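Chemist: Build me a model from this:
(chains A and B)
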Amino acid sequence: SQQGEEDPQALSIQEGENATMNCSYKTSINNLQWYRQNSGRGLVHLILIRSNEREKHSGRLRVTLDTSKKSSSLLITASRAADTASYFCATDGNTGGFKTIFGAGTRLFVKA
Amino acid sequence: EPEVTQTPSHQVTQMGQEVILRCVPISNHLYFYWYRQILGQKVEFLVSFYNNEISEKSEIFDDQFSVERPDGSNFTLKIRSTKLEDSAMYFCASGISGYEQYFGPGTRLTVT
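Modeler: A predicted model of the protein is given here:
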């Protein structure tokens, strides 16, 4: 079954540093999304990148997509303590329905 | 800013009992979803709902589960006979398209 898998599982950095998280998936997709989850709370949509796009920016976020390698990366520049959260990639099922498959997530800890 | 709401925030029930989790999606959204997240694990897709019918469902969404949009504003998830392993956070989400989704804060279900 299709699945997004993020690495690293956990990442600890200093405030001001950049954080890079990677995601790999197994089957073809129409789009890939990144979400953030603060501990025990709901998910917040960060960015969507379509299969025909290679890079997308939103504020301090930069997402890349390489469909030939079935991988994506999320870069957070100039990280802040408030960026501390879990980050998930999510892919659509490309099945004609509306099914979103989440990866296991990367836990990011930004030290002040 | 409009948001998805869920009630109750925490539900405790005994094994074998029926529970109904309630969600109020954002009013102009057309696509509705339920997910669950067992503590410490990833978010798992349960079901998507569009045009008053199930669009897609996962293997988890067996005969014990059902969804309903009874009055054009609420979106409910019913678990007929709860099991211990149904204990999890249940998230509702809605979207105006089949892609970007807005998540509610979740209902924590504890089955004893």
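
Chemist: For chain B, give the residue positioned nearest to chain A.
Modeler: residue B:56 (3.1 Å; Cβ to the nearest Cβ). In this view, the C-beta of every residue, glycine as well, is placed from N, C-alpha and C.

Chemist: That residue against residue B:46, yeah?
Modeler: No - the criterion here is Cβ atoms under 8 Å, and residue B:56 misses it with residue B:46 at 9.9 Å.

Chemist: Residue A:43 pairs with what?
Modeler: Judged by DSSP bridges, the bridge partners of residue A:43 are residue A:37.

Chemist: Could you give the backbone dihedrals for residue B:44?
Modeler: phi -110, psi 130 (degrees, to the nearest 10).

Chemist: which SSE is residue B:60 in?
Modeler: Applying DSSP states H and E as the criterion places residue B:60 outside every helix and strand.

Chemist: Look at it and say how many residues are nearby.
Modeler: Per other Cβ atoms under 10 Å in any protein chain shown, the neighbour tally for residue B:60 reads 15.

Chemist: Verify the contact between it and residue B:36 for me.
Modeler: Yes - using Cβ under 8 Å, residue B:60 makes contact with residue B:36 at a distance of 7.3 Å.

Chemist: Identify the contacts common to the two.
Modeler: Common contacts of residue B:60 and residue B:36, defined by Cβ atoms under 8 Å, 6 or more residues apart in numbering or on different chains, comprise B:44, B:46.

Chemist: one step back: comparing residue B:56 and residue B:46, which shows the higher neighbour count?
Modeler: The neighbour count for residue B:56 versus residue B:46, taken as other Cβ under 10 Å, is higher for residue B:46 (22 against 19).

Chemist: Contact residues of chain A facing chain B?
Modeler: Taking Cβ under 8 Å from any Cβ of the partner chain as the contact definition, chain A meets chain B at A:31, A:33, A:35, A:37, A:40-45, A:48, A:88, A:90, A:92-93, A:95, A:97-105.

Chemist: again, only this time at 10 Å
Modeler: With Cβ under 10 Å from any Cβ of the partner chain as the criterion, chain A meets chain B at residues A:1, A:3-6, A:30-31, A:33, A:35, A:37, A:40-45, A:47-48, A:50, A:86, A:88, A:90, A:92-93, A:95-105.

Chemist: Inside helices: which ones of the residues you listed?
Modeler: Using DSSP state H, no member of the residues of chain A next to chain B falls within helices.

Chemist: Now list the buried members of those residues.
Modeler: By neighbour count, with 16 or more other Cβ atoms under 10 Å in any protein chain shown, those hold A:4-6, A:31, A:33, A:35, A:37, A:42-43, A:45, A:47-48, A:86, A:88, A:90, A:92-93, A:98-105 as buried.

Chemist: So which of the residues you listed sit within strands?
Modeler: The strands, defined by DSSP state E, take in A:5-6, A:31, A:33, A:35, A:37, A:43, A:45, A:47-48, A:86, A:88, A:90, A:92, A:100-102 from those.

Chemist: so where do the strands sit in chain B?
Modeler: Secondary structure of chain B, counting by DSSP E: strands at B:5-7, B:10-13, B:19-24, B:31-37, B:43-50, B:53-57, B:65-68, B:75-79, B:88-95, B:102-103, B:107-111.

Chemist: Any idea which of the ones you listed gets closest to residue A:24?
Modeler: Proximity to residue A:24 (Cβ to Cβ) singles out strand B:43-50 among the strands of chain B, at 17.3 Å.
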